[in-house]
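Novice: predicted model follows, preceded by the sequence.
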Amino acid sequence: MSSSEASISVRLITVPDEFAALRECWNVLAASTGTALPVFASHEWFDAAWQWRRQTARLYVLAYYAGPRLAGVLPLVMQQVRSRTVTIRELGFLTVPDTQRCDLVAAPSDRAAAVDAFADELKRRRRDWDVMRLKYVVPDSTATTDLRAALEARGFKTRIATAPNNPFVRLDSGWEAFYSTRSRSLKKANNLAANRLHKAGAVTVDWLEPIAGADARVAEFLEAAIAISASSWKSRTGNSLDNPGPQAFIRRLSE
């Protein structure tokens, strides 16, 4: 084994304290990825997601090191899934319904080596798990391209399934240009809602900034948001913020 090979290692992180200790080096790594949505690569996002997922899953984070440097992270959790008459041990990304996209975290220069190391480690630990389902990925992500190819090269069978996309509004043009393309029925419904709000009293929009001394207002706004969520349509989904998992997520994310 060469000295360069000896300096490469993969650690399995299953203890929350060890996961928390990765924050600083994780964020240095996340900043080097060049991802279009850096917030979803940050340790803070995954930490908040963990507050929700810890209700039903356990950590299974793979950390790839080049010498002492953290050079890649595969942020996974393990959960027990009931399928007909058997219980399946399922690996998946550490995500929540609010996750917009997820992928392994690695700088472009380390990506190929990290992918091979993760694929080798997943094969070595094959007795730990039965199936891996990676959600919230995009077609050109490292998970769906390089990692998938590396796993197939090691004898794993893979499949890609298309899921519904989240609706979004492009921000590269003005509001008027966008709104002019909306349907007449939508505009009519919006006008009716605006009239009801006008009759209810003055409407204001407050922006709560993360500044010193704002903790009391953060708590006030957070409680209001949780109450609104609890009385909204989301209460029928089990994902409203008054439920234990979502509430733990939004409280940690707000912190």
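Specialist: Now that the structure is in, tell me what you want to look at.
Novice: state the distance from Pro139 to Ile13.
Specialist: The gap separating Pro139 from Ile13 is 28 Å, by Cβ to Cβ, to the nearest Å. Where C-beta positions appear, they are placed from N, C-alpha and C, glycine not excepted.
Novice: more crowded one of those two?
Specialist: For Pro139 versus Ile13, neighbours defined as other Cβ atoms under 10 Å are more numerous around Ile13 (19 against 8).
Novice: how far away is that one from Ile160?
Specialist: For Ile13, the distance to Ile160 (Cβ to Cβ) stands at 27 Å.
Novice: and stretch 179-198, average pLDDT?
Specialist: Stretch 179-198 carries an average pLDDT of 95.
Novice: chain center to that stretch, what's the gap?
Specialist: Centroid separation for stretch 179-198 versus its chain: 33 Å, with Cα atoms, centre = their mean, to the nearest Å.
Novice: in CSV, list the C-alpha atoms belonging to it.
Specialist: Taking C-alpha atoms only, stretch 179-198 is exported to CSV below (Å, rounded to 0.1, in the frame of the first residue of the first chain):
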residue,chain,number,x,y,z
TYR,A,179,-48.1,37.7,-12.9
SER,A,180,-49.2,38.6,-16.4
THR,A,181,-48.9,34.9,-17.4
ARG,A,182,-51.2,33.7,-14.5
SER,A,183,-54.8,32.6,-15.2
ARG,A,184,-57.8,34.9,-14.8
SER,A,185,-59.2,32.6,-12.1
LEU,A,186,-56.1,32.8,-10.0
LYS,A,187,-56.1,36.6,-10.2
LYS,A,188,-59.8,36.7,-9.2
ALA,A,189,-59.1,34.5,-6.2
ASN,A,190,-56.2,36.7,-5.2
ASN,A,191,-58.3,39.8,-5.4
LEU,A,192,-61.0,38.2,-3.2
ALA,A,193,-58.3,37.2,-0.6
ALA,A,194,-56.9,40.8,-0.8
ASN,A,195,-60.3,42.3,-0.2
ARG,A,196,-60.9,40.0,2.9
LEU,A,197,-57.5,41.0,4.3
HIS,A,198,-58.3,44.7,3.7
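Novice: can you report how many residues lie near the closest residue to Ile13 other than its chain neighbours?
Specialist: Distance criterion Cβ to Cβ, 6 or more residues apart in numbering; nearest residue to Ile13, sequence neighbours excluded, is Val61 at 4.0 Å. Residues within reach of Val61, counting by other Cβ under 10 Å, total 21.
Novice: do the same with the one 4 residues further on
Specialist: As a burial measure, the neighbour count of Tyr65 was computed by other Cβ under 10 Å and equals 17.
Novice: secondary structure element for it?
Specialist: Following DSSP states H and E, one finds Tyr65 within strand 61-66.
Novice: how about Arg159?
Specialist: Counting by DSSP H and E, no helix or strand carries Arg159.
Novice: how much space separates it from Ile88?
Specialist: According to Cβ to Cβ, Arg159 and Ile88 sit 16 Å apart.
Novice: again, but for Ser42
Specialist: Counting by Cβ to Cβ, the gap from Ser42 to Ile88 is 30 Å.
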